[in-house]
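Visitor: Below is the sequence, then the predicted model.
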Amino acid sequence: MRKLPLISLALAALAVFGTPARADQLADIKQKGTLVCGTLGNAEPFSFPNPQTRETQGYDVDFCGAVAKALGVKLELKLIAVAARIPELMQGRVDVLAANLGWTPERAQQIAYSDSYFVSNQMVTARRADKYKTPADLSGKRVAAPKGSTSEAGARKLIPNVTTVTFQDAPALFVALQQGKVDAVVLSELTLVKWKSDAEASPVPLDILQPALFVEPWGIGMRKEETALIRKVDEVLSGMEKSGEAAKIFDKYLGAGTPYNLRRTFKIEPIKG
């Protein structure tokens, strides 16, 4: 009897038994004892260096830590750029993303989102001396945003005839605006509130334009096929909402007594696409 080549045998086996099962990432995380969370590291108050210890802390970091604790593993942070978030996740270099990751239909085709653990107003800021009042006033102007961000996409879509200019991180955007290299910046309201506060004493005061350019829910990013991990993360977030832990994290970084002085007006819930 003629022998089949090994590759033919392998294809025949796949035809009978189906494709090989993928490893369960949740089980792998528990086995290795570490959750690798991708975060930005330069986006106060979500992930930023502690002035004394230089360790990365923040709203996103605390949520990563809560997930790691629920899994009974250590938290390992990996600092990544905005544009590298989804590639780092898809290539398996991080287990989850908690990195100012706004939901968009395009991203939702690539990755899975947890329930929304933060809701962000995306705002426009400009130099006070230029006397812009609304985002529409920036038609035909140079508006900056982080490269690969929803802020960049929103500026292109929602400001007529805009020219978008991108930078790797928020500090570079701030410098460009202060130096007059761009007319305005689109970012999370929280970052802009902090900028405005810090900039009041500077030679270039800033204004935040009304209304918000758009509103976006943020979720923890995971790979679509990792259904067990997705269910577990949502379970942890739901528990944090019910126990009040999620509200405490909000108050710690964003509430009364912080530079933002905000009131929490949302709850953790599924993102409606």
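Guide: Yep, it's here.
Visitor: And the pLDDT for residue 194?
Guide: Note on residue 194: pLDDT of 80.
Visitor: how is this protein carved up into domains?
Guide: For the chain, automatic domain parsing gives the domain ranges 22-119+217-254, 121-215.
Visitor: looking at these, which one has the lowest mean pLDDT?
Guide: Mean pLDDT across those is lowest at domain 121-215; the value there is a mean of 92.
Visitor: At which residues are the strands of the stretch 1-150 of the chain located?
Guide: 34-39, 48-49, 56-57, 74-79, 96-97, 112-127, 142-146 (DSSP state E, counting those that start in this stretch).
Visitor: Give the full set of residues in contact with residue 98.
Guide: By CB atoms under 8 Å, 6 or more residues apart in numbering, the contact list for residue 98 reads 37, 38, 39, 47, 60, 61, 63, 64, 220, 221. The C-beta positions use only the backbone N, C-alpha and C, and glycine is treated the same way.
Visitor: just to revisit the earlier point, mind putting the domains of the chain into TSV with distance to residue 265?
Guide: Rendered in TSV, the data for the domains of the chain read as follows (distance: least, CB to CB, whole Å):
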stretch	distance to residue 265
domain 22-119+217-254	8
domain 121-215	10
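Visitor: Of all the ones you listed, which one is nearest residue 271?
Guide: Ranking those by proximity to residue 271 (CB to CB) places domain 22-119+217-254 first, at 4.9 Å.
Visitor: Skipping its backbone neighbours, what lies nearest residue 152 in space?
Guide: residue 145 (3.9 Å; CB to CB, 6 or more residues apart in numbering).
Visitor: next one: residue 186
Guide: Closest residue to residue 186 apart from its sequence neighbours, by CB to CB, 6+ apart: residue 151 at 4.2 Å.
Visitor: The one you found sits in which helix or strand?
Guide: In the assignment (DSSP states H and E), residue 151 maps to helix 150-158.
Visitor: which strands and helices sit next to that helix?
Guide: The criterion is 3 or more CB pairs under 8 Å, 6 or more residues apart in numbering; DSSP states H and E, and the helices and strands that helix 150-158 contacts are strand 112-127, strand 142-146, strand 163-167, strand 184-188, strand 206-222.
Visitor: what comes up buried for that helix?
Guide: 150, 151, 152, 153, 154, 155 (16 or more other CB atoms under 10 Å).
Visitor: of all these, which comes closest to residue 140?
Guide: For the buried residues of helix 150-158, the closest approach to residue 140 (CB to CB) belongs to residue 155, at 12.6 Å.
Visitor: The closest one and residue 142 touch, don't they?
Guide: No - the criterion here is CB atoms under 8 Å, and residue 155 misses it with residue 142 at 10.3 Å.
Visitor: Quick check: neighbours shared by the two?
Guide: Joint contacts of residue 155 and residue 142 (CB under 8 Å, 6+ apart) are residue 162.
Visitor: To residue 270, which of the domains of the chain lies closest?
Guide: Counting by CB to CB, residue 270 lies closest to domain 22-119+217-254 out of the domains of the chain; the figure is 5.2 Å.
Visitor: Phi first, then psi, for the nearest residue to residue 33 once chain neighbours are set aside.
Guide: Leaving aside its sequence neighbours, residue 33 sits nearest to residue 73 (CB to CB, 6+ apart; 5.0 Å). In terms of degrees, to the nearest 10, the main-chain angles of residue 73 are phi -130, psi 170.
Visitor: Go ahead and confirm residue 73 touches residue 37.
Guide: No - using CB under 8 Å, residue 73 is not in contact with residue 37; the gap is 10.9 Å.
Visitor: Name the residue in those two with the higher neighbour count.
Guide: The neighbour comparison of residue 73 against residue 37 (other CB atoms under 10 Å) goes to residue 37, with 24 against 18.
Visitor: what comes into contact with stretch 248-259?
Guide: By CB under 8 Å, 6+ apart, the residues outside stretch 248-259 that reach it are 45-46, 58-59, 62-63, 66, 190, 193-194, 197, 240, 260-264.
Visitor: Mind checking which of these are in helices?
Guide: If you go by DSSP state H, these have 59, 62, 63, 66, 190, 193, 194, 197, 240 in helices.
Visitor: I'm done for today, thanks for sticking with me.
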